[in-house]
Structures are given as structure tokens and as C-alpha cells.
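[1] Let me see the structure of the following:
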Amino acid sequence: MDATAKRFWESIDSFSFFSFILFSFRSFIMAIKFVTKSQQEVQVIEKQRLTLLDAIRVMSWEQHKLDNPNYKRGLEGYNTEFGDEWKIDPIHDKSLDELIEFIQELGFTVDELLSVRSEHYSEKKLIQERVAAKKAREFGYETSQTNGFKESEDGDGDDEYGYPPY
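    Reported below is the predicted structural model:
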């Protein structure tokens, strides 16, 4: 070992050397990732595409339930009667522009489809809140402790608690 290297190793103690290694390793793992503008645009487009796909799925599932009034309720029914076919449908291969064109061919605007999706998730949230309130009352909590949500009497859900899958 030459004199310079020897002085280097003598100048640092083992604790600070290992601290430096650990800090470097941690920095490597937890490094901040900077996204380029083009990468961000791709991510935004993909998010829009997936949102439109979900809106089409919601409408298709609702139509399936109308066409098949005796469909199997709950998540299992969704998966066996609809979800498995949905997953393999070629619609998933469409680009954002192709999806927009497809939506227009169906006679809808993108805004109309997104509105249907938003309404679906709003209804789902209300049903979840009703289920939570019902379960809370089953455990002895007062209505005031469950934010005033009441159980649904109109049977708008898929299972015993009125909770639709997806």
C-alpha cells in the first residue's frame, strides 16, 4: 500500500467509513426520481385511457345486470359472469384515441361516460357508508356515531348488505 492510501485509511475510523457506506446505500435505494416532460405526458395519457376503460366497464356491467336479471350477486357473480370476459376483451388493447372513437361510435361523449362513472362510484360510496352504519349498529353504536347513514330499503345493491362489486 502506498503512503497516500495508508494516510487515507488512517485518517478515517471504521465507524465513519461504514456510516458513509450505509448513507450511500440508503441514498441509492431512496433516490428521488425525476420525470421528464414526455414521461409525464405518457403517464397522463395512460391514466386517461384507464379511466375511460373503467367507465366503459362500469356501463357494460350495468348493462349485463339489466340483460340478466337473475345474475349471480356479489363479487363472485361479477367475476364468473362478467369479469373474466372483461379481462380478455380486446378493448384493453385500444389506445386513448381509439377508445374515444369507440365511445363516440356508441353515441356517447367522453364527458357523458365519465359522468356515468362518477355517479357509479358516488352510489357505491353511499352504499359502503350504509353498510358501515348497519355494521356499527350491530355492534351497538348509536346512529349519531355512524354519521346518520341509514340502511338502504330500496335494495340497490348486489349482496346482503347492498354492496355492488366494482
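[2] now Gly74: how far from Glu81?
    In this view, Gly74 and Glu81 are 11 Å apart by Cβ to Cβ, to the nearest Å. All C-beta spots, glycine's among them, are computed from the backbone N, C-alpha and C.
[3] Give the helix, strand or coil label for Phe34.
    Three-state call for Phe34 (DSSP: H, G, I helix; E, B strand; the rest coil): coil.
[4] give me the low-pLDDT residue ranges for the chain?
    1, 5-30, 142-166 (pLDDT under 70).
[5] Check it for its longest helix and report it.
    helix 37-67 (DSSP state H).
[6] show me what contacts the residue nearest to Phe82 when sequence neighbours are not counted?
    In this structure, Phe82 finds its nearest non-sequential neighbour in His64, 5.2 Å apart by Cβ to Cβ, 6 or more residues apart in numbering. Counting by Cβ atoms under 8 Å, 6 or more residues apart in numbering, His64 touches Tyr71, Glu81, Phe82.
[7] Contact partners for the second one?
    Going by Cβ under 8 Å, 6+ apart, Glu81 touches His64, Asn68, Tyr71, Lys72.
[8] measure Ile103 to Pro69 for me?
    With Cβ to Cβ as the criterion, Ile103 and Pro69 are 27 Å apart.
[9] And those two? Which one has more around it.
    Ile103 (19 against 6; other Cβ atoms under 10 Å).
[10] how far away is the more buried one from Tyr71?
    25 Å.
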